[in-house]
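Student: what would the 3D arrangement of this be:
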Amino acid sequence: MDFKLHPSQRIVALDPHRFRVLRCGRRWGKTTLAIDQMKARAGIIPDSRIAYLANTYQQARDIAWEQLKKDCREVGTLNEARLEIKLVNGSQIVLRGWESVETLRGQAFDLIVIDEVASMNNFWLNWQEVLRPTLTDRKGEVIFISTPKGFNHFYDLCNQELTDKDFKAFHFTSWENPHLPKDELGRAKETLPKDRYLQEYEASFQKTSGLAIPEFSREKHLYDELPKGNYEKLAGVDFGYVHHAAVPEIYWNGEKLYVEDEWYKTGRTDAQIAEYVASCNFKAVYPDPENAGGLEEIRRHDVNVREVKKGKGSVVEGVQMIRELFLNKQLKINKKCVSLISELESYAYDEDKKSEVPIKENDDMIDALRYVVLSLFSKMDKQKKILRDLGRQQWEMNLKPTNPV
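Tutor: Have a look, this model is predicted:
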């Protein structure tokens, strides 16, 4: 360990847990710690394999490459084009962007550092299907580092220690870096909006600013088991190959929608998506109408394809309908639908552009849900009015005085 680390960095560096989750304020020194840990592992244990992941390839280069290159130049061979270092003891350090995390599938690592976890799309899917298996052969370790960004997957990651003894979470504010000027931190506290300051400098979990569907609440809208009842099994379909193909499995009882499961995959052709949809025996599916080829593939499997409203204003209308369903507690989501939950907690407006349409990202599963909601909302609204009228009639009957005997 490099004892140039400041005291709170040393706490993390010396901790023996396999999976360390670090929640820290801006300029706390996360990159310094990450580089220290990668160098220590690579230098002390020959033939170690280490990976550093930033949000993008360019960020990996900007954040960590120059310092690693400087520190390792005398003891290894550098591959500038691939951002890879091979040390004389056989250890290897590779830097990658999260957008190419799939390229690590099938490899083996002793240590992975994942930087700015809160900003990474589809985190749980890639952690469970791609990264976690790369640690099995070597019993590898991971350092997860981030400043919070709403109550998203990073919030869940920080709570993993409650159920998994391999995890340990740490929380440090920017103030705990002794090298930062305190007057500058104080100035930030005085001038920034309170929630922004708390999130960025105190590393406190705050609700994401500008959320498109702020009505969603884990406490109010998540469930463990589907209530017993009579349901129609439905699905929305958002096609994708580079982006995720998204198919939420939805159960409808005429009054409420329950998102019971989800299928969320990259690299799937229209034909493969259609095969999956056909295998699920949905009573009806609501696919993206702009993908004519995908629609035709689904129809070839004798699936009941319903028309979906799409065009100018449909995104805004669909988002408003989803918000109303959450508000009226008519839309529930199973806790295992982690991709949809993550999107709901990060799907947001561009506050600088003041647009009525949310930013076109973190929306694959939401789009697929929206196709179903757009088609069923009028029926659900009608059913709600019927039930409300029945309730009013019953209330009026209960007010009528009974005739004396």
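
Student: how far does stretch 203-222 stretch from one end to the other?
Tutor: The first and final residues of stretch 203-222 sit 26 Å from each other (CA to CA, to the nearest Å).

Student: what comes up buried for that stretch?
Tutor: For stretch 203-222, the buried set under the neighbour-count rule, 16 or more other CB atoms under 10 Å, comprises 203-206, 208, 211-213, 215-216, 221-222. (C-beta placed from N, C-alpha, C; glycine too.)

Student: can you tell me which of the residues you listed are in strands?
Tutor: residue 222 (DSSP state E).

Student: tell me the one of the buried residues of stretch 203-222 nearest residue 150?
Tutor: residue 208 (3.2 Å; CB to CB).

Student: closest to residue 234 out of the buried residues of stretch 203-222?
Tutor: Nearest member of the buried residues of stretch 203-222 to residue 234, counting by CB to CB, is residue 221, at 18.2 Å.

Student: wait, that closest one sits on residue 334?
Tutor: No. Assessed by CB atoms under 8 Å, residue 221 is found out of contact with residue 334, at 10.4 Å.

Student: ok, residue 123 - contacts?
Tutor: Residue 123 sits next to 117, 153-154, 157, 342 when contact means CB atoms under 8 Å, 6 or more residues apart in numbering.

Student: what are the phi and psi angles of it?
Tutor: Note on residue 123: backbone dihedrals following degrees, to the nearest 10 are phi -60, psi -50.

Student: which residues in the stretch 251-400 of the chain form strands?
Tutor: Applying DSSP state E, counting those that start in this stretch to the stretch 251-400 of the chain gives strands spanning 257-265, 284-287, 331-334.

Student: quick check: which of these is buried the most?
Tutor: Ranked by average neighbour count under the criterion mean count of other CB atoms under 10 Å, those are headed by strand 284-287 at a mean of 24.

Student: so what touches that one?
Tutor: Here strand 284-287 makes contact (CB under 8 Å, 6+ apart) with 232, 234-239, 277, 294-295, 298, 303-306, 308, 371-372, 374-375.

Student: give me that answer again for 10 Å
Tutor: 232-239, 247, 250, 252, 270, 273-274, 277-278, 294-295, 297-299, 303-309, 368-376 (CB atoms under 10 Å, 6 or more residues apart in numbering).

Student: pull the CA atoms of it into CSV?
Tutor: The C-alpha trace of strand 284-287 is given here as CSV (Å, rounded to 0.1, in the frame of the first residue of the first chain):
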residue,chain,number,x,y,z
ALA,A,284,-51.7,-10.3,-26.6
VAL,A,285,-48.6,-8.4,-27.3
TYR,A,286,-48.1,-4.7,-28.0
PRO,A,287,-44.9,-4.2,-30.1
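
Student: how far does it sit from the chain's center?
Tutor: 25 Å (CA atoms, centre = their mean, to the nearest Å).

Student: just to revisit the earlier point, and the contacts of residue 123 as CSV, adding pLDDT, neighbour count and distance to residue 324?
Tutor: Below are these laid out as CSV (pLDDT from 0 to 100; neighbours: other CB atoms under 10 Å; distance: CB to CB, whole Å):
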residue, pLDDT, neighbour count, distance to residue 324
117, 96, 25, 32
153, 90, 25, 26
154, 93, 25, 29
157, 95, 22, 31
342, 85, 23, 22
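
Student: in helices only, show me the residues you listed.
Tutor: By the criterion of DSSP state H, membership of those in helices covers 153-154, 157, 342.

Student: how about those residues in TSV, adding distance to residue 42?
Tutor: Shown next, in TSV, are those (distance: CB to CB, whole Å):
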residue	distance to residue 42
153	28
154	27
157	25
342	32
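
Student: just curious, which of those is nearest to residue 60?
Tutor: Distances from residue 60 to the ones in helices among the contacts of residue 123, taken by CB to CB, are shortest for residue 154, at 18.7 Å.

Student: so that closest one makes contact with residue 119?
Tutor: Yes. With contact defined as CB atoms under 10 Å, residue 154 reaches residue 119; the gap is 8.7 Å.

Student: on that earlier part again, which one in the buried residues of stretch 203-222 is the model shakiest on?
Tutor: The member of those with the lowest pLDDT is residue 208, and it reads 74.

Student: ok, and the closest non-adjacent residue to it?
Tutor: Nearest-residue entry for residue 208: residue 150, 3.2 Å, with adjacent residues in sequence omitted and distances by CB to CB, 6 or more residues apart in numbering.

Student: and what about that neighbour, helix, strand or coil?
Tutor: Secondary structure, DSSP: H, G, I helix; E, B strand; the rest coil: residue 150 is coil.

Student: where's it relative to residue 144, distance?
Tutor: 16 Å (CB to CB, to the nearest Å).

Student: residue 227 now?
Tutor: For residue 227 relative to residue 144 (CB to CB), the value is 35 Å.

Student: out of the two, which sits in the busier spot?
Tutor: Relative neighbour count places residue 144 above the other of residue 227 and residue 144, with 26 against 11, counting by other CB atoms under 10 Å.

Student: how close does the more buried one get to residue 346?
Tutor: 17 Å.

Student: if we can go back for a sec, mutual contacts of residue 154 and residue 119, please.
Tutor: Common neighbours of residue 154 and residue 119 (CB under 10 Å, 6+ apart) are 146-147.

Student: circling back: now, which of the contacts of residue 123 sits nearest residue 68?
Tutor: residue 117 (19.8 Å).

Student: can you give me the strands in the stretch 51-200 of the chain?
Tutor: 76-79, 84-87, 92-97, 111-115, 141-146, 167-172.

Student: most tightly packed of those strands?
Tutor: Mean neighbour count (mean count of other CB under 10 Å) peaks for strand 111-115 among these, with a mean of 24.

Student: what angle do that one and strand 92-97 make?
Tutor: 30 degrees (axes from the mean of the first three to the mean of the last three CA atoms, to 10 degrees).

Student: what's the mean pLDDT across strand 111-115?
Tutor: 97.

Student: now swap in stretch 254-268 and tell me
Tutor: Mean pLDDT, computed over stretch 254-268, is 93.

Student: ends of that stretch, how far apart?
Tutor: Stretch 254-268 has its terminal residues 32 Å apart, counting by CA to CA.

Student: just to revisit the earlier point, let me have the contacts of residue 123 in TSV, adding distance to residue 82 as columns.
Tutor: Shown next, in TSV, are these (distance: CB to CB, whole Å):
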residue	distance to residue 82
117	23
153	28
154	28
157	29
342	30
